[in-house]
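Colleague: Following is a predicted model, sequence given first.
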Amino acid sequence: MSKLEIIDLHVAVTADGVQQEILSGVNLTINSGEVHAIMGPNGTGKSTLSETIMGNPNYQVTGGDIRLNGRSILNMQVDERARAGLFLAMQYPPAIAGITNAEFIRAAVNSRRSADQQVGVMNFLPELDKRLHQLEMPEDMAERYLNAGFSGGEKKKNEILQMLMIQPAFSILDEIDSGLDIDALRIVAAGVNSMRGPKHASLIITHYQRLLNYIVPDVVHVMKGGVIVESGGPELAKELEQTGYEHLGAE
């Protein structure tokens, strides 16, 4: 069983020479086979947590640790963390002209494999076509430049396409439902649900309980003021839809 542990994590950013703490001691453990959701007000550190787990250098870890299967990953670069089994579906995925979607995804898949296990084009393309069909994406998406000219919904579907092709051990989905219409939300959620199983775990960051109607989490956490102030089952998300965050913790 794989395990991702966030231990008393403190994270800061520096702007105009001033350091500001964003995360103030986050504790979280995710085991393979589990789906966790994090909810909370804007500006409380949810996206900071996801970026820090993946090693974004703009976020400075000032205390605590992040461990993958008992090993600290704080000194690992982003690509090393990806090869170790972590995947981040970003809130705002960048567009990259000059490299096609298929080229990028195949490179990402092979970057996690040893030299003797590289996926050749003839094996890669049928699997890519299968996943495109699963997500109801047109086949020509494979030959378009990465996220260039993509709508918001196409970008989000493309993040899930990458996840399905890479098959990471841990997926972090940062507001994957943002900007999706109801049909796209259903398709994206079905893609995420297809990954559920004993070899995979998800951390879903969302503002809205509607996503959790489609992807039912094992645990819901509420983050406020840079810490997790409450955890519970999926019923907690439904409660928050009615009550909001005001009564939980303190900013």
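Modeller: Received the coordinates, thanks.
Colleague: Ile6 and Asn27 touch, don't they?
Modeller: Yes. Between Ile6 and Asn27 there is a contact under CB atoms under 8 Å: 6.2 Å. C-beta coordinates here come from the backbone N, C-alpha and C atoms, glycine included.
Colleague: neighbour count winner among the two?
Modeller: It is Ile6, of Ile6 and Asn27, that has more neighbours when counted by other CB atoms under 10 Å, with 21 against 14.
Colleague: wait, what's in contact with that one?
Modeller: Going by CB atoms under 8 Å, 6 or more residues apart in numbering, Ile6 touches Val26, Asn27, Leu28, Thr29, Leu49, Ile53, Gly64, Ile66.
Colleague: Now it: phi and psi?
Modeller: With angles defined as degrees, to the nearest 10, Ile6 sits at phi -110, psi 120.
Colleague: How much space separates it from Ile105?
Modeller: Distance, Ile6 to Ile105, by CB to CB, to the nearest Å: 28 Å.
Colleague: can you map out the strands along the stretch 101-250 of the chain?
Modeller: 145-146, 170-174, 201-205, 219-224, 227-232 (DSSP state E, counting those that start in this stretch).
Colleague: Make CSV from those and add mean neighbour count and distance to His36 to it.
Modeller: As requested, the strands of the stretch 101-250 of the chain are exported to CSV (neighbours: other CB atoms under 10 Å; distance: least, CB to CB, whole Å):
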stretch, mean neighbour count, distance to His36
strand 145-146, 18, 28
strand 170-174, 25, 10
strand 201-205, 25, 5
strand 219-224, 22, 5
strand 227-232, 17, 9
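Colleague: Which of those strands sits closest to Met163?
Modeller: Among the strands of the stretch 101-250 of the chain, the nearest to Met163 by CB to CB is strand 170-174 (5.4 Å).
Colleague: Determine how far that closest one lies from the middle of the whole chain.
Modeller: In terms of CA atoms, centre = their mean, to the nearest Å, the centre of strand 170-174 is found 2 Å from the chain centre.
Colleague: and it, what does it pack onto?
Modeller: Here strand 170-174 touches helix 46-54, strand 86-89, strand 201-205, going by 3 or more CB pairs under 8 Å, 6 or more residues apart in numbering; DSSP states H and E.
Colleague: Identify, out of these, the most deeply packed stretch.
Modeller: Among these, ranked by average contacts under mean count of other CB atoms under 10 Å, first place goes to strand 201-205 (a mean of 25).
Colleague: between that strand and helix 46-54, how many degrees?
Modeller: Strand 201-205 and helix 46-54 are oriented at 150 degrees to each other (axes from the mean of the first three to the mean of the last three CA atoms, to 10 degrees).
Colleague: which one is Met39 nearest to, not counting chain neighbours?
Modeller: Val222 (5.6 Å; CB to CB, 6 or more residues apart in numbering).
Colleague: quick one: contacts for the closest residue to Leu9 other than its chain neighbours?
Modeller: Nearest non-adjacent residue to Leu9, counting by CB to CB, 6+ apart: Gly64, 3.9 Å away. Neighbour list for Gly64: Ile6, Ile7, Asp8, Leu9, His10, Gly25, Val26 [criterion: CB under 8 Å, 6+ apart].
Colleague: And Val13, by the same measure?
Modeller: Counted by CB under 8 Å, 6+ apart, Val13 has contacts Gln19, Gln20, Ile22, Thr48, Asn58, Tyr59, Gln60.
Colleague: So which of the contacts of Ile6 are in strands?
Modeller: Val26, Asn27, Leu28, Thr29, Gly64, Ile66 (DSSP state E).
Colleague: Just give me the closest of these to Asn213.
Modeller: Nearest to Asn213, judged by CB to CB, of the ones in strands among the contacts of Ile6 is Leu28 at 23.0 Å.
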